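Chemist: Here is my input, please return the structure:
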Amino acid sequence: MEEILLQLESKMEKSVENLMAEFGSIRAGRANPHVLDKIKVDYYGTPTAIQQVANVSVPEPRMIQIQPWEGSMIKVIEKAILTSDLGLTPTNDGKTIRLSFPELTEERRKDLVKDIKKKAEEAKVAIRNIRRDANDKSKKKNKAGELSDDNFKELEEKVQKITDKYIVSVDKAAETKSKEILTV
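Modeler: Numbers count the residues shown, from 1 in each chain. Take a look at the predicted model:
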């Protein structure tokens, strides 16, 4: 019984962590180095995170500065940013790359909030699927006689409580990120 609950908590925690990472990559009009987290550059044949081949800093609220450790990486980093879904155009002076974040329009903010709600809904579906799997496991154990009917009911209730807790945390995270995006 404990094993099922521990697996359930672990998987649901990973779903929420994944959602938070997704939210971190959604830009809110101000510079956040985490928008570069998913972008990989070709570093001598190996896909590598930009932060591992360059110094990434935020000198101004709406600008990210990327200073590659090797001059040859400028073009590679620039190309990776252009082909990403960031929608930003990098500028370089031969030594550093700058990304300027324009002020978000009202329409763009609303689109981002829709995207946030969609990602939150996907996370909730994942959490519900994890709940279903845990309930299936406990039903099998109950039918096999490894779990009494009382323990089965108790386990089902605990699984539902844990599920509700993670659904609430997803809703709170989505609400917080939506407020951040809508704040001008």
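
Chemist: could you point out the longest helix in this protein?
Modeler: As assigned by DSSP state H, the longest helix anywhere in the chain is helix 106-143.

Chemist: Spell out the residue ranges of the helices in this structure.
Modeler: Ranges of helices in the chain, per DSSP H, are 2-24, 73-83, 106-143, 149-182.

Chemist: Quick one: list the elements packing against the first one.
Modeler: Same thing as helix 2-24. If contacts are counted by 3 or more CB pairs under 8 Å, 6 or more residues apart in numbering; DSSP states H and E, helix 2-24 sits against helix 106-143, helix 149-182. For every residue, glycine as well, the C-beta is placed using N, CA and C.

Chemist: Look up how far Glu122 lies from Glu157.
Modeler: 26 Å (CB to CB, to the nearest Å).

Chemist: So which of the two has more stuff around it?
Modeler: Taking other CB atoms under 10 Å, Glu157 and Glu122 do not tie; Glu122 has more neighbours (15 against 10).

Chemist: Got the confidence number for the more buried one?
Modeler: On pLDDT, Glu122 comes in at 94.

Chemist: And Val184, by the same measure?
Modeler: For Val184, pLDDT reads 61.

Chemist: where does this protein have low pLDDT?
Modeler: 27-29, 184 (pLDDT under 70).

Chemist: Most distant residue from the centre of it?
Modeler: Gly145 (40.5 Å; CA atoms, centre = their mean).

Chemist: distance of that one from Met1?
Modeler: 14 Å.

Chemist: Nearest residue to Lys119 in space, please, no chain neighbours.
Modeler: What sits nearest to Lys119 in space, not counting adjacent residues and going by CB to CB, 6 or more residues apart in numbering, is Glu22, at 5.1 Å.

Chemist: swap in Val159?
Modeler: Ala134 (5.0 Å).

Chemist: check contacts around that neighbour.
Modeler: For Ala134, the contact set (CB atoms under 8 Å, 6 or more residues apart in numbering) comprises 4-5, 7-8, 159.

Chemist: please redo it, this time with the cut-off set to 7 Å
Modeler: Counting by CB atoms under 7 Å, 6 or more residues apart in numbering, Ala134 touches 4, 8, 159.

Chemist: now swap in Asp115 and tell me
Modeler: Asp115 neighbours (CB under 7 Å, 6+ apart): Ile26.

Chemist: do the same with Ile97
Modeler: Here Ile97 is in contact with 66, 74, 77-78, 90 (criterion: CB under 7 Å, 6+ apart).
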